[in-house]
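Colleague: Attaching a predicted model along with its sequence, questions to come.
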Amino acid sequence: MLQIAPKTVSDLAAALGGQVRGRDDVVISSIAALSVASTGSISFYGSDNFRTQFLATQASCLLVRDADADAAPCASVIVVENPYQSCISLIQHCYVPSKLSPGYRSSSASIDPTAIIHESAAIGPGCVVGRECSIGENVELVANVVLYPRTTIAGGTTVHANVTIYQDTVIGEHCIIHAGSVVGADGFGYVELSDKSYQKIPQVGNVVLGSYVEIGANVTIDRAALESTVIEDGVKIDNLVQIAHGVRVGENTGIAAQVGIAGSTVIGKRNRLAGQVGIAGHTTTTDDVVVMGQTGVTKSIEVPGVYSGNPAQPHMIQLRQDVALKDIVSIQQKLNELSLAIKALESKD
Amino acid sequence: MLQIAPKTVSDLAAALGGQVRGRDDVVISSIAALSVASTGSISFYGSDNFRTQFLATQASCLLVRDADADAAPCASVIVVENPYQSCISLIQHCYVPSKLSPGYRSSSASIDPTAIIHESAAIGPGCVVGRECSIGENVELVANVVLYPRTTIAGGTTVHANVTIYQDTVIGEHCIIHAGSVVGADGFGYVELSDKSYQKIPQVGNVVLGSYVEIGANVTIDRAALESTVIEDGVKIDNLVQIAHGVRVGENTGIAAQVGIAGSTVIGKRNRLAGQVGIAGHTTTTDDVVVMGQTGVTKSIEVPGVYSGNPAQPHMIQLRQDVALKDIVSIQQKLNELSLAIKALESKD
Amino acid sequence: MLQIAPKTVSDLAAALGGQVRGRDDVVISSIAALSVASTGSISFYGSDNFRTQFLATQASCLLVRDADADAAPCASVIVVENPYQSCISLIQHCYVPSKLSPGYRSSSASIDPTAIIHESAAIGPGCVVGRECSIGENVELVANVVLYPRTTIAGGTTVHANVTIYQDTVIGEHCIIHAGSVVGADGFGYVELSDKSYQKIPQVGNVVLGSYVEIGANVTIDRAALESTVIEDGVKIDNLVQIAHGVRVGENTGIAAQVGIAGSTVIGKRNRLAGQVGIAGHTTTTDDVVVMGQTGVTKSIEVPGVYSGNPAQPHMIQLRQDVALKDIVSIQQKLNELSLAIKALESKD
């Protein structure tokens, strides 16, 4: 439930371009789901799957489709085309994220004197800002964030608690990095010696994030060996994702939780990678590729479309294969039957 | 090896309800596995797999089955029905976890003056307690823990180092949250615009953990979009698990490492999810479901039982399928042979 | 791009055992990839795949094979046998990692007076060093690192930001532990009671890391129930890997990102585990085993070699199975055709 500054149903309808039925002077002070809404809440009903909750809701006002307006159990409704979308718009309109005060500098933060920090940026408790870092306008480092030397963060970006950013990382505008993530740790690069022990290759590249990038919690994005690991503008990355050294992720690509992308791979623009997908190193995916959950991409994908399976193949082919595979036991049995039938025919001759 | 307050074999036998054979005045000061036990240690021997270690152990006393008492190479044994269970009971009885002193407040912690903290709670170094947090009796925040505003933690709960808890999270009694975990970060929720870029949907719900919940290290549990992500009483979650926004996990369910549960999914009570399982969004599993490692659950599971494979199916069916699949190369060969045999028969006619 | 102390081409060639063609007095002040090199950079060209970048590079000097020396678009080249290897050697030679000053003690660190810390060790801001910890020569704790009581760290080891090390952990010489990792949290060990609720088994063992171990970011390595979880010398572990309680990993084994190894499993020496592999509990792999990405190892592997699939089998067998599996739909069709052909033959009789 989101508490909001109180507004009348009439005001909310005007903001959403909807039409009020019933009382338009009811005061709304929260946005809530049907089942937890109470007096003063606005909620939404847009899918018949939730009919029971709709009829029992305690909300004071509902966003509904025209056809549902009369059945609503509350004193006022706002009729809109798509109640779910309108509710999201309402939340986006009303939500004021809790932030540190602009210009805040916690006394427990350790800020190197060579760092250049915009006066409006807020540095929370326990944060560590290394040598020659550069922090832009309205940036927020929430708490216990560690920036290694020469990190650059552009305006409007929020870095949540316990995040670590290694040296020379470049972060664009209006990014969000959730708690516990690590950006710029060493790539997994070694020379294998003749006794199969490993000699470390220093990882001297960096990580570059574009603008409007969102990174989930406990994500890891490694620095490149010599150049840059690049996450382009508008990319959204869910929790516990691994991006190895030298990877490039194309703009507006979305990556769900626990995906792993191995070294030097290039992901196209507007890809959609579902949860737990693994993508081998030194491969590419073209633009507009969708990869289903747990898929193992072992070779480059050069044609846009939907892929699944391990090794990955076009999803429609994989589905047909899965259906046939469920019959494999009966295939085996039938094969034995035919074999006997043929022997019978052969012995008749 | 666990160092314990010294006790005689006689005292330990009484505590465990076991029967001493040999000397009952030997003093025991540690609990150890057979192979690392030394003078003063008690160990256990309950499985013939460890016969060699049993015969060579340096332990001063052993928990054994009746049949093994005579062969034990030490001055005293305690005969019990199940030596492994008795050893666990003994550890549970003797183990005193190292904790901060009750009421401790580190001088390097940042505690908002509006937070309400029970006088017995301990707040370790570098911890950050935000506005209007509420912390119960004997709660321990070990070190560098960050609580965003309005976090509520009930009595007896321990939060380990470098954990981040986002705003409005509610945590029950006697929970343990291991280091590096992130509870309440934003769910992965966006509106996809016509150019396939993403517009963020503010995630304004929260996370609610029941009592006796244990969460492993570097786990991520996201806040719901509008309502609550709920982990019910007694749930145990291993390391690196992802729980997406709006998920509900039923009581006494166990979730092994690296499992991922996608958004709005409902997991039943007493489920057992093995490592690296993935469960699709908007699905449910009924109570008493067991899912084997790496399984991909793509649809709801409505019947209790054991499941495996990708897509998941009943484990016994999957096993038969796996066995048949190993024969697929010979199926192909046999099919070619039969085809030739039929051609031969046809040409005879 | 790595900035280095300026040196002439002549000096670099001598250090690498290479032969200069062209001017030997050009001053080099950075090492860079072909495409980002500029005046003052040295780069390398060793694979025809990068011919376009080679011909267009702005580098002042290139490491090249003999055959490519004449085509190089710069005033000087150094001819070597393997340009890639020579470039790595050059980076290893020139790279000076940024470190805290030896002996540094941040005023915001919390160091227990009973801890024994070598005078040359550096303790960064926000670090917490618990009771009776022991920290060796030239150890570096970067920032916000938390060491629980009785942690031992030998000389030359670096622990990056926001790492948590639980009590009694033993860490060898010259290890690197990347940001966000958790070493020594409780293993996932419970007794299942008759109502299927869980009773915690205290985890009273520890974790022991050998020397020259490197651990990636956000890794979790759990303490053993009673003995030790052991990572032997020279093991390299990538990001987001899970090592459960009681596991032993043999020396010089490499483990890629997001691998999970369940409890009590023993991994041999010089294994190579690719990304997202899962290995069941209480199993072993012998020395010199290679496991391909996303493989599910359900039983012990007793013969060295390459394995893949779920359940895992020798990779060559899995590959043949994968090829046959792609034909399963046509197998099914052909089986139906043969069935009809046999019926036709039978009806003729």
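Modeller: Cool, got the structure.
Colleague: Quick check: the spatially closest residue to A:Gly234 that is not a sequence neighbour vs A:Val213, distance?
Modeller: Computed as C-beta to C-beta, 6 or more residues apart in numbering or on different chains, the closest residue to A:Gly234 that is not its neighbour in sequence is A:Asn252, at 4.2 Å. Bear in mind the C-beta positions are built from the backbone N, C-alpha and C, glycine included. Per C-beta to C-beta, to the nearest Å, A:Asn252 is found 10 Å from A:Val213.
Colleague: repeat for A:Ile111
Modeller: Here the criterion is C-beta to C-beta. By it, A:Ile111 lies 25 Å from A:Val213.
Colleague: which one of these two has more residues nearby?
Modeller: Per other C-beta atoms under 10 Å in any protein chain shown, whichever of A:Ile111 and A:Val213 has more neighbours is A:Val213, with 23 against 19.
Colleague: A:Lys236 versus the more buried one, what's the distance?
Modeller: Computed as C-beta to C-beta, the A:Val213 to A:Lys236 distance reads 7 Å.
Colleague: Likewise for A:Ile301?
Modeller: With distances taken as C-beta to C-beta, A:Ile301 is found 20 Å from A:Lys236.
Colleague: and what of A:Pro6?
Modeller: For A:Pro6, the distance to A:Lys236 - C-beta to C-beta - is 33 Å.
Colleague: again, but for A:Pro102
Modeller: Computed with C-beta to C-beta, the distance linking A:Pro102 and A:Lys236 is 26 Å.
Colleague: For the stretch 101-250 of chain A, which residues are neighbours of chain C?
Modeller: Those residues of the stretch 101-250 of chain A that sit near chain C, judged by C-beta under 8 Å from any C-beta of the partner chain, are A:108, A:110, A:126, A:128, A:144, A:146, A:148-149, A:162-164, A:166-167, A:180-182, A:185-186, A:188, A:190-191, A:195-202, A:204-205, A:218-220, A:222, A:226-227, A:240, A:242, A:244.
Colleague: Go again with 6 Å.
Modeller: The stretch 101-250 of chain A comes close to chain C at residues A:110, A:126, A:128, A:144, A:146, A:149, A:162, A:164, A:180, A:182, A:185, A:188, A:196-198, A:201-202, A:204, A:218, A:220, A:226-227, A:242, as judged by C-beta under 6 Å from any C-beta of the partner chain.
Colleague: Go through those residues and flag which are in strands.
Modeller: Counting by DSSP state E, the part of these found in strands is A:110, A:128, A:146, A:164, A:182, A:185, A:198, A:220, A:242.
Colleague: First-to-last residue distance for stretch A:77-97?
Modeller: Using C-alpha to C-alpha, to the nearest Å, the end-to-end distance of stretch A:77-97 comes to 27 Å.
Colleague: That stretch near chain B anywhere?
Modeller: Yes: Stretch A:77-97 comes into contact with chain B (C-beta under 6 Å from any C-beta), by way of A:88, A:91, A:95.
Colleague: Buried residues, stretch A:46-54. List them.
Modeller: Within stretch A:46-54, the residues that qualify as buried by neighbour count (16 or more other C-beta atoms under 10 Å in any protein chain shown) are A:46, A:50, A:54.
Colleague: what's the nearest residue to the last one if we skip its chain neighbours?
Modeller: Excluding its sequence neighbours, the residue lying closest to A:Phe54 (C-beta to C-beta, 6+ apart) is A:Tyr45, at 4.4 Å.
Colleague: Just confirm the one you found contacts A:Ala67, I think it does.
Modeller: No: under the contact definition of C-beta atoms under 6 Å, A:Tyr45 does not touch A:Ala67, with a separation of 10.7 Å.
Colleague: More neighbours: which of those two?
Modeller: When neighbours are counted by other C-beta under 10 Å, A:Tyr45 and A:Ala67 differ, and A:Tyr45 comes out ahead with 24 against 8.
Colleague: Just grab the bridge partners of that one for me.
Modeller: Note on A:Tyr45: beta-bridge partners by DSSP bridges are A:Val64.
Colleague: what residues does the stretch 1-150 of chain A put near chain B?
Modeller: With C-beta under 6 Å from any C-beta as the criterion, the stretch 1-150 of chain A comes near chain B at residues A:2, A:33, A:36, A:88, A:91, A:95, A:98, A:108, A:125-126, A:143-144.
Colleague: Could you list the domains of chain A?
Modeller: Here chain A is described, according to automatic domain parsing, as comprising the domains A:2-94, A:163-286, A:319-348.
Colleague: and the second one, how far from the chain's centre?
Modeller: The chain centroid and the centroid of domain A:163-286 are separated by 14 Å, computed with C-alpha atoms, centre = their mean, to the nearest Å.
Colleague: And A:Gly278, what's its pLDDT?
Modeller: What the model reports as pLDDT for A:Gly278 is 98.
Colleague: same thing with A:Asp349?
Modeller: On the pLDDT scale, A:Asp349 is placed at 62.
Colleague: Could you dump the residues of the stretch 1-150 of chain A next to chain B into JSON lines and include neighbour count?
Modeller: Written out in JSON lines, the entries for these read as follows (neighbours: other C-beta atoms under 10 Å in any protein chain shown):
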{"residue": "A:Leu2", "neighbour count": "20"}
{"residue": "A:Ala33", "neighbour count": "22"}
{"residue": "A:Val36", "neighbour count": "18"}
{"residue": "A:Ile88", "neighbour count": "21"}
{"residue": "A:Ile91", "neighbour count": "18"}
{"residue": "A:Tyr95", "neighbour count": "15"}
{"residue": "A:Ser98", "neighbour count": "12"}
{"residue": "A:Ser108", "neighbour count": "20"}
{"residue": "A:Pro125", "neighbour count": "28"}
{"residue": "A:Gly126", "neighbour count": "31"}
{"residue": "A:Ala143", "neighbour count": "30"}
{"residue": "A:Asn144", "neighbour count": "32"}
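Colleague: So which of the residues you listed is the closest to A:His282?
Modeller: Sorting these by how near they are to A:His282, with C-beta to C-beta, puts A:Asn144 at the top with 36.2 Å.
Colleague: Wait, the closest one touches A:Asn162, no?
Modeller: Yes: under the criterion of C-beta under 6 Å, A:Asn144 is in contact with A:Asn162, at a separation of 5.0 Å.
Colleague: quick one on the thing from earlier: of the buried residues of stretch A:46-54, closest to A:Ala154?
Modeller: Closest to A:Ala154 out of those is A:Gly46 (37.5 Å), distances taken as C-beta to C-beta.
Colleague: That closest one touches A:Tyr84, doesn't it?
Modeller: Yes: proximity of A:Gly46 to A:Tyr84 meets the contact threshold set by C-beta under 6 Å, at 4.5 Å.
Colleague: So A:Pro102 and A:Lys236 - more neighbours on which side?
Modeller: A direct count of neighbours by other C-beta under 10 Å for A:Pro102 and A:Lys236 places A:Lys236 higher, at 22 against 14.
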